[in-house]
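**Student:** here is a sequence together with a model predicted from it:
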Amino acid sequence: MTIHKHGALVACLLGASGLVAQDGSPSSPSSDGEDGNTSTSLLDRISDWGISIRRNVRGSKGLTDPAVVQYTHGSGTEADSTLLQAGLAWTPSLGDELDTRMSLTPFGEVVRNTDIAKEVESYQLGVSVSHVAGDPLSFMVHTQLDAAWKKVPTSDTEGSQLSIGFTPVAKDVYLNSASEPGFVRFSWDVMPGLVWENNQETGGGDQVRGTALARVRLYPLSEMLGQRLAISASVQYWVDLSSSGTFDGGPDEVHASTVRLDYILDTKERVGIGLDYFNGEDPDAGIKDTEYLQIAFTVKI
Amino acid sequence: MVARTEIKPKVYAVLAAVSHVPEAKSKDSSKLRGDLLLGEALIAGLAVTWTRIAKSYPGGRAVSQRAAKATKTVGNCVDLVTAKANGK
C-alpha cells in the first residue's frame, strides 16, 4: 500500500467530515435551537447507527484513540514507511434497560506496517462486552471483556485471544476527567488487565499475561483550544504469568512507551493530525520490539 | 409532559460536577470532549446518571450507553434526558 492510497483515503474522510463542518453540529439538534445546526452528514449517520472507527477496540477499555493513517520516519537505519492502524466496530442496541450499563460490540482491527525493520501485520476479529459499575458522579469502573481471533502473518501465528481490562473513572482525582479550567488542564488514566492468548500454528502454545497501562494527558491553552491540542504520554507493561510452546522462552516482561501530540483539525472533532513516538513492544497488537516516530493523519468516528 | 427547561438545570449541574467547569461557563453548544474535556468512559457512564434523572419522572425510560456516547454537546444531553423523561 502506498502513501498515495492512504492520502486518498484521508482525503475522502476529510471530505465526508467536511460535509457538515459547522460549529456545534449535533446529529440531533437541541429543541431550543441553541446549537443552530440541523443538518447531518454521512459520518453523523454512521455514528448514529452505532458504527465507530478507532485505533483499537479490543483492549481499549474506554480509552479510545483515533485511527491512524500515517507516514513513519524510522530511527537509525530503518527505512521510512507507511502505517495503517484502525479498528471498525458496531455497537447494536440491546434495549435501553440493558444498554444503560452494558454494551456488546463486534469488531475488526488491522495493524499494518511493512517497511520498518521489524515489520508488523496483524488482523483481529472479535466481540467486546463492556460493563459500567458504580456512579460517574463519584467512582465508576468500566470493565471490558474481549474475545478475538488473531492472525499475525509477520510472526506466523494464528489463534485466539481473551482479555479483560478495567478503567476506573473518578472525577475528584481527574481519572478520565480533566482538571479545573486553566492554562493547562490534565487528566490521567490507569488500566489494569489480564490477557490469555493461544497460537494454533506450528509450535502451538499459549500464554497468560498481566498488563497495566498508565497515561497522562495535557491540554495546553485549554481555555482557547479546549481539547483541540493534546499531549499524552503512556506506558504499558505486560508480565508473562504462564506460557508454553511458541510463547515459552520469551522475555518475562515487555513494555511500550508512547508520547503523542494530537491536533484536531475539524470542528466535529473527527479528523486531526498527530505526532507519535513509540518505543517498545505490544504483544496484544503483535508489534515486536521497535522504535519509531510517526506523523499521522487521525480519524475518529 | 416534562419540559426541557426543567431538565436543563439538572443536566448542567451533573456536567459541571464531572467536568470541573462551572455551570455558568457552559452553554448548550459546549462540546463534551472539546470544551468540558470529558473522557469517553465517563461520557458513556453518564447513561447511569441520565437514567436516574429520566426515571425520576413517571413514565421515564432508561438511557443507553450508546445514546450517551452519541451526545456531543451539553444541549444533546439535555435533549436526550428530556426525551427519555417523557418516555420516548
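**Tutor:** Noted; the coordinates are in hand.

**Student:** residue A:232 is in contact with residue A:189, correct?
**Tutor:** No - contact criterion C-beta atoms under 8 Å: residue A:189 and residue A:232 do not qualify, at 9.4 Å. For the C-beta atoms, the positions are set from N, CA and C on the backbone; glycine is no exception.

**Student:** shared neighbours, these two?
**Tutor:** Common contacts of residue A:189 and residue A:232 (C-beta atoms under 8 Å, 6 or more residues apart in numbering or on different chains): A:215, A:217.

**Student:** the helix or strand of chain B with the lowest mean pLDDT near chain A at all?
**Tutor:** Using mean pLDDT, DSSP states H and E, helix B:65-70 stands out as the lowest-scoring helix or strand of chain B, at a mean of 86. Yes - counting by C-beta under 8 Å from any C-beta of the partner chain, chain A is contacted by helix B:65-70 at B:65-67, B:70.

**Student:** possible to save those as CSV with distance to residue A:128?
**Tutor:** Listed next are the residues of helix B:65-70 next to chain A as CSV, based on distance: C-beta to C-beta, whole Å:
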residue, distance to residue A:128
B:65, 13
B:66, 13
B:67, 18
B:70, 18
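
**Student:** tell me how many other residues crowd residue A:277.
**Tutor:** Residues lying near residue A:277 (other C-beta atoms under 10 Å in any protein chain shown) number 15.

**Student:** that one belongs to a helix, doesn't it?
**Tutor:** No - assigned with DSSP: H, G, I helix; E, B strand; the rest coil, residue A:277 falls outside any helix and is strand.

**Student:** what residues are up against the nearest residue to it once chain neighbours are set aside?
**Tutor:** Distances taken as C-beta to C-beta, 6 or more residues apart in numbering or on different chains place residue A:259 nearest to residue A:277, at 4.5 Å, with adjacent residues excluded. Residue A:259 makes contacts with A:231-233, A:276-277, as judged by C-beta under 8 Å, 6+ apart.

**Student:** just the buried subset of those residues, please.
**Tutor:** The neighbour-count criterion (16 or more other C-beta atoms under 10 Å in any protein chain shown) marks A:231-232, A:276 among the contacts of residue A:259 as buried.

**Student:** mind picking the lowest-pLDDT entry from those?
**Tutor:** On pLDDT alone, residue A:276 ranks lowest of the buried ones among the contacts of residue A:259, at 84.

**Student:** dig out what the residue nearest to residue A:277 forms beta bridges with.
**Tutor:** Counting by DSSP bridges, residue A:259 is bridged to residue A:233, residue A:277.

**Student:** quick check: buried residues in stretch A:85-98?
**Tutor:** Neighbour-count burial for stretch A:85-98 [16+ other C-beta under 10 Å]: A:85-89, A:91, A:96.

**Student:** show me where the stretch 201-301 of chain A has its strands.
**Tutor:** A:206-220, A:229-243, A:253-264, A:271-282, A:287-299 (DSSP state E, counting those that start in this stretch).

**Student:** same for the least confident helix or strand of chain B, what does it pack against?
**Tutor:** helix A:96-99, strand A:102-113, helix B:40-55, helix B:74-85 (3 or more C-beta pairs under 8 Å, 6 or more residues apart in numbering or on different chains; DSSP states H and E).

**Student:** go again using 10 Å as the cut-off
**Tutor:** Packing partners of helix B:65-70 (3 or more C-beta pairs under 10 Å, 6 or more residues apart in numbering or on different chains; DSSP states H and E): helix A:42-48, helix A:96-99, strand A:102-113, strand A:120-134, helix B:40-55, helix B:74-85.

**Student:** check which helices and strands the second one sits against.
**Tutor:** On a contact count with 3+ C-beta pairs under 10 Å, 6+ apart, helix A:96-99 meets helix B:40-55, helix B:65-70.

**Student:** output the shortest one as PDB, nothing but the C-alphas.
**Tutor:** The C-alpha coordinates for helix B:65-70 follow below in PDB (Å, rounded to 0.1, in the frame of the first residue of the first chain):
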ATOM      1  CA  GLN B  65     -24.700   3.800  26.900                       C
ATOM      2  CA  ARG B  66     -24.800   4.000  23.100                       C
ATOM      3  CA  ALA B  67     -27.200   7.000  23.300                       C
ATOM      4  CA  ALA B  68     -25.000   8.600  26.000                       C
ATOM      5  CA  LYS B  69     -21.900   8.100  23.800                       C
ATOM      6  CA  ALA B  70     -23.700   9.700  20.800                       C
END
